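Student: please work out how this folds:
(4 chains)
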There are 2 protein chains.
Amino acid sequence: MMAAGAYIVDDDEAIRDALIWLFKSRKVAARAWPSAEAFLADWRDDMRGCLVLDVRMEDMSGPELFDQLCERKSQLPVIFLSGHGDIPLAVAAVKKGAFDFVEKPFNDNELVDRVIEAIGFDASRRAERANQATVASRLSQLTPREREVMERILEGKYNKVIADELNIAMRTVEVHRAHIFGKMGVRSAVELAQRLSGSR
Amino acid sequence: MMAAGAYIVDDDEAIRDALIWLFKSRKVAARAWPSAEAFLADWRDDMRGCLVLDVRMEDMSGPELFDQLCERKSQLPVIFLSGHGDIPLAVAAVKKGAFDFVEKPFNDNELVDRVIEAIGFDASRRAERANQATVASRLSQLTPREREVMERILEGKYNKVIADELNIAMRTVEVHRAHIFGKMGVRSAVELAQRLSGSR
DNA sequence: GCCGCCATTGTGGTTATCCGCAACCCGGCC
DNA sequence: GGCCGGGTTGCGGATAACCACAATGGCGGC
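Tutor: Residues are numbered from 1 along each chain as shown, chains lettered A, B, ... in the order given. This next block holds a predicted model:
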């Protein structure tokens, strides 16, 4: 797993070099590929940061690469570099969820700003997903009965009320409650409520 | 306050009539204005639904109207109708937060689908805002001391611990706690946590 | 048949929460 | 000075939560 950075795909070597230099001058890690195919071969889901993609390239275009990555469930935010003629293509990509696109010729600083923004977006989204995955994994460890009890705990009901609703003894509810807290890794109903609503 | 619907702004009467007919045939309330200025004069913040806006119009263009509405804090989602030549303009609007744009000539059903989606988006966002406003208003009624106590309640701490941290008696914490629940309109710490994290 | 997991329940005791009643101090306001 | 809101505290009791120890019954797998 490398550090988060900019992944550049452009078939023009001069532009690749210029972009790498530009990003590194702003302390943004950068690496470049000369074609969509080359990038796709190296692509891994744990690449963190943001993709900077030329729209018009030999063989596979930027938007085509974007489609391929979407099919592979890539979460990497994508910023397109588009010439005037390419705008309709880039626009279609934006409607499909691309992070942004900048028209050539672009302002260096603005591009880097957008890239940094995208890298931050990626980081927070990954953190969010990781948290959701943890919660989901813990939820899956609960037994059906425990889930029933948890629902009612989250409605702020007393153990006694829950016991009545489920036609079981209060003691049983207490046991379930302890199991739920243990499995969910929390120490109180308040923490439980926060952890769950934070990932809904 | 009228029902949620489509607000059409287009300087071509034939298109206005066609759109109104189209929307009404799908049970979507619709009303049209012949110019951006006319709409702006009638605009009110409680208009619910979605704005359908021609990009190219006499005097004030669609994107210009959008900018005006943004300045007036309009939350109305906007769908642009754009000809091929207008795409760069519409694109700029999308980057500023427009809901979507469809290129002319458009597919009737797809347009209505998008409009319905935007109306739903508006409804849920308004509900969300209303809830946040309620919570914010209730939070503002808390005294500084109560806020300190609430923070700690939300960390799942025992009244005893809170008392120690604030160097006050447990009884005082209990009193604050009761005040907090009363002012926030909840009956338990769990509800409090949910209401707050639901609006963060 | 034995083991493990799940659900269930009881006893008894500790700790927390929740509240009514009562009271004191302080600062701002009429 | 009197009133009021905010913060503070004590007492005592009702209620709920938490927990260790202990135990039963069902069900699926080895």
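Student: would the longest helix along chain A count as contacting DNA strand C?
Tutor: Once chain A is assigned using DSSP state H, the helix that runs over the most residues is helix A:108-140. No - using Cβ under 7 Å from any atom of the strand, helix A:108-140 stays clear of DNA strand C, coming no nearer than 10.9 Å. All C-beta spots, glycine's among them, are computed from the backbone N, C-alpha and C.
Student: can you name the next helix or strand after that helix?
Tutor: Counting by DSSP states H and E, the next helix or strand C-terminal to helix A:108-140 is helix A:144-154.
Student: give the other helices and strands that that following helix contacts.
Tutor: Using 3 or more Cβ pairs under 8 Å, 6 or more residues apart in numbering or on different chains; DSSP states H and E, the elements in contact with helix A:144-154 are helix A:159-166, helix A:170-184, helix A:189-197, helix B:189-197.
Student: can you list these in CSV and add mean neighbour count and mean pLDDT?
Tutor: What follows is the helices and strands packed on helix A:144-154, written out as CSV (neighbours: other Cβ atoms under 10 Å in any protein chain shown; pLDDT from 0 to 100):
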stretch, mean neighbour count, mean pLDDT
helix A:159-166, 16, 96
helix A:170-184, 17, 96
helix A:189-197, 20, 91
helix B:189-197, 20, 91
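Student: OK, contacts around residue A:6?
Tutor: Taking Cβ atoms under 8 Å, 6 or more residues apart in numbering or on different chains as the criterion, residue A:6 is in contact with A:19, A:23, A:28-31, A:49-52, A:115, A:119.
Student: need the pLDDT of the nearest residue to it once chain neighbours are set aside.
Tutor: Closest residue to residue A:6 apart from its sequence neighbours, by Cβ to Cβ, 6 or more residues apart in numbering or on different chains: residue A:30 at 4.4 Å. pLDDT recorded at residue A:30 is 96.
Student: do I have it right that residue A:30 meets residue A:17?
Tutor: No - contact between residue A:30 and residue A:17 fails when scored by Cβ atoms under 8 Å: they sit 10.4 Å apart.
Student: which one of the two is surrounded by more residues?
Tutor: residue A:30 (20 against 13; other Cβ atoms under 10 Å in any protein chain shown).
Student: which ones are touching that one?
Tutor: Each residue near residue A:30 by Cβ under 8 Å, 6+ apart is listed here: A:5-8, A:19-20, A:23-24.
Student: ok, 7 Å please
Tutor: A:5-6, A:8, A:19-20, A:23-24 (Cβ atoms under 7 Å, 6 or more residues apart in numbering or on different chains).
Student: what mean pLDDT does stretch A:33-52 get?
Tutor: Per-residue scores along stretch A:33-52 average to 95.
Student: buried sites along that stretch?
Tutor: Residues A:33-36, A:39-40, A:43, A:47-52 are the ones in stretch A:33-52 that count as buried (16 or more other Cβ atoms under 10 Å in any protein chain shown).
Student: just those residues: which are in strands?
Tutor: Among those, the subset assigned to strands under DSSP state E consists of A:33, A:49-52.
Student: mind checking the end-to-end distance for stretch A:65-85?
Tutor: End-to-end span of stretch A:65-85 (Cα to Cα, to the nearest Å): 18 Å.
Student: show me which residues of chain A sit near chain B.
Tutor: Residues of chain A lying close to chain B (Cβ under 7 Å from any Cβ of the partner chain) are A:87-88, A:91, A:94, A:154, A:156, A:187-191, A:193-194, A:197-198.
Student: what's the nearest residue to the residue in chain A that DNA strand D sits nearest to if we skip its chain neighbours?
Tutor: Going by Cβ to the nearest atom of the strand, DNA strand D is nearest to residue A:159 of chain A, at 3.2 Å. The shortest distance from residue A:159 to any non-neighbouring residue, by Cβ to Cβ, 6+ apart, is to residue A:173 (4.5 Å).
Student: picking that back up, just the contacts of residue A:30: which are in strands?
Tutor: Per DSSP E, strands hold the following members of these: A:5-6, A:8.
Student: how about those residues in a markdown table, adding distance to residue B:130 and pLDDT?
Tutor: Formatted as a markdown table, these follow (distance: Cβ to Cβ, whole Å; pLDDT from 0 to 100):
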| residue | distance to residue B:130 | pLDDT |
| --- | --- | --- |
| A:5 | 41 | 94 |
| A:6 | 40 | 96 |
| A:8 | 44 | 97 |
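Student: list just the nearest of these to chain B.
Tutor: residue A:6 (19.9 Å; Cβ to the nearest Cβ).
Student: hey, what's that closest one bridged with?
Tutor: Taking DSSP bridges as the rule, residue A:6 bridges to residue A:30, residue A:50.
Student: residue A:9 is in contact with residue A:40, isn't it?
Tutor: No - applying Cβ atoms under 7 Å, one finds residue A:9 not in contact with residue A:40, separated by 9.2 Å.
Student: common neighbours of those two, please.
Tutor: Jointly contacting residue A:9 and residue A:40 under the rule Cβ under 7 Å, 6+ apart are residue A:65.
Student: got the phi and psi for the residue of chain A most remote from its centre?
Tutor: Largest separation from the mean C-alpha position in chain A: residue A:169, at 43.7 Å (Cα atoms, centre = their mean). When read as degrees, to the nearest 10, the backbone of residue A:169 gives phi -80, psi 150.
Student: OK, contacts around the residue lying closest to it once chain neighbours are set aside?
Tutor: Leaving aside its sequence neighbours, residue A:169 sits nearest to residue A:163 (Cβ to Cβ, 6+ apart; 6.0 Å). Counting by Cβ under 7 Å, 6+ apart, residue A:163 touches A:169-170, A:173.
Student: switch to 10 Å and redo it
Tutor: A:149, A:152, A:157, A:169-174, A:176 (Cβ atoms under 10 Å, 6 or more residues apart in numbering or on different chains).
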